[in-house]
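Trainee: sharing a model prediction with you, sequence too.
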Amino acid sequence: MNKSRRTFLKQGSLAAAGAVLISNNIFSMNRASTHVLGVQLYSVRDDMEKDPSGTLKQLAAMGYKDVEHAGYRKGKFYGSSPEDFKKLLHDLGLNMVSGHSYLGAKQWDKSKNDFTDDWKQTFEDAAAVGMKYVFSPGVDESLCNSEDDYKWYMDLFNKTGELAKKSGIQFGYHSESYEFNHYLNNKRLYDILLDTTDKNLVAQQIDIGNMYGPGGRAMEYLKKYHGRFIAMHVKDEIKSNQANRDYESTVLGKGVIGVKDIVDYGRSSGIKLFIIEQESYQDKTPIECVKEDLATMKQWGF
């Protein structure tokens, strides 16, 4: 797994100081299809850092209609207020249905026995920009060492679901990698999370690539927890030559995941939100990769 995206979001959250039931209407968006196909902007993170408007314009020209952010910091999306970023998206014919903001121990103020003001603001700003979902990517490893800590952490997820609902937002969890090769009482952390969080308060976004290296298999989870997932990060993986990882992402259909079969099963099992993400690019640029990824998904029926 590439840990950098979670770290990227976690650091953004720390810099800031720190359930809505699922309806098909959320995803219709005046489209003929009930499935939303978008791109995670972390895929083009350097481009978004340098030129958000120009990068979004390129994505729109490719044919993307939906994006998912990984760039909310200090009350702004890629340097713009929620209102300004919403207008930018609208002017380009884009929509941002979801985004990633990290939930860890720092988002809870123990002295007040309440969430931090910044964490509360996260959901108000998500609503202001027009989002429907906020997914937290990965677990806070400091809270995964004992059953008591992890139980408290899972309760924090449920509490956040209640908090998000007040702003009209559905909170959720995005799978990463740590939770697939770490256990408590001989049970995988990811399974504990799925079994103990309230499905009406904590939606699930499965990342079919991040889990692969540490031993998770997306098809197994989609079948074991049939109907539990409402969103998917569509990703493919290849063996990595980098010293710090076993696998890295690649263009869809070029790796070992078996993406098409997983996507097809996901569509038949209730997943409505499909988000393309590629974090490694081999000999291509990020823009070239997400363009090719989109073309592949369209060949697969999107």
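Mentor: Yep, it's here. Numbers count the residues shown, from 1 in each chain.
Trainee: tell me the spacing between residue 233 and residue 98.
Mentor: Remark: distance between residue 233 and residue 98 (C-beta to C-beta, to the nearest Å) = 11 Å. All C-beta atoms are positioned from the backbone trio N, CA, C, and that covers glycine.
Trainee: what's the burial count for the closest residue to residue 280 other than its chain neighbours?
Mentor: Using C-beta to C-beta, 6 or more residues apart in numbering and skipping residues adjacent in sequence, the residue nearest residue 280 is residue 248, 3.9 Å away. Number of residues near residue 248 (other C-beta atoms under 10 Å) recorded here: 21.
Trainee: what about residue 248, which SS state?
Mentor: Assigned by DSSP: H, G, I helix; E, B strand; the rest coil, the conformation of residue 248 is strand.
Trainee: and the gap between it and residue 190?
Mentor: Separation of residue 248 from residue 190 (C-beta to C-beta) stands at 21 Å.
Trainee: surely residue 173 forms part of a helix?
Mentor: No - under the criterion used here (three-state DSSP), residue 173 is strand, not part of a helix.
Trainee: bridge partners for it, pull those for me.
Mentor: Using DSSP bridges, the beta-bridge partners of residue 173 come out as residue 136, residue 204.
Trainee: can I assume it is in contact with residue 133?
Mentor: No - counting by C-beta atoms under 8 Å, residue 173 sits too far from residue 133 to count as a contact (10.8 Å).
Trainee: break down the stretch 201-302 of the chain into its helices, ranges please.
Mentor: 218-224, 259-268, 286-299 (DSSP state H, counting those that start in this stretch).
Trainee: export those as TSV, with columns for mean pLDDT.
Mentor: Below are the helices of the stretch 201-302 of the chain laid out as TSV (pLDDT from 0 to 100):
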stretch	mean pLDDT
helix 218-224	98
helix 259-268	97
helix 286-299	98
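Trainee: could I get these in a markdown table, plus columns for mean neighbour count?
Mentor: Formatted as a markdown table, the helices of the stretch 201-302 of the chain follow (neighbours: other C-beta atoms under 10 Å):
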| stretch | mean neighbour count |
| --- | --- |
| helix 218-224 | 16 |
| helix 259-268 | 17 |
| helix 286-299 | 18 |
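Trainee: and of the ones you listed, who's closest to residue 119?
Mentor: Proximity to residue 119, assessed across these by C-beta to C-beta, is greatest for helix 218-224 (27.8 Å).
Trainee: check which helices and strands the closest one is in contact with.
Mentor: When contacts are defined as 3 or more C-beta pairs under 8 Å, 6 or more residues apart in numbering; DSSP states H and E, helix 218-224 packs onto strand 203-207, helix 259-268.
Trainee: closest to residue 226 out of these?
Mentor: Smallest distance to residue 226 across these (C-beta to C-beta): 9.6 Å, for helix 259-268.
Trainee: excluding covalently adjacent residues, which one is nearest to residue 140?
Mentor: Sequence neighbours aside, residue 104 is the residue nearest to residue 140 in space, at 3.5 Å (criterion: C-beta to C-beta, 6+ apart).
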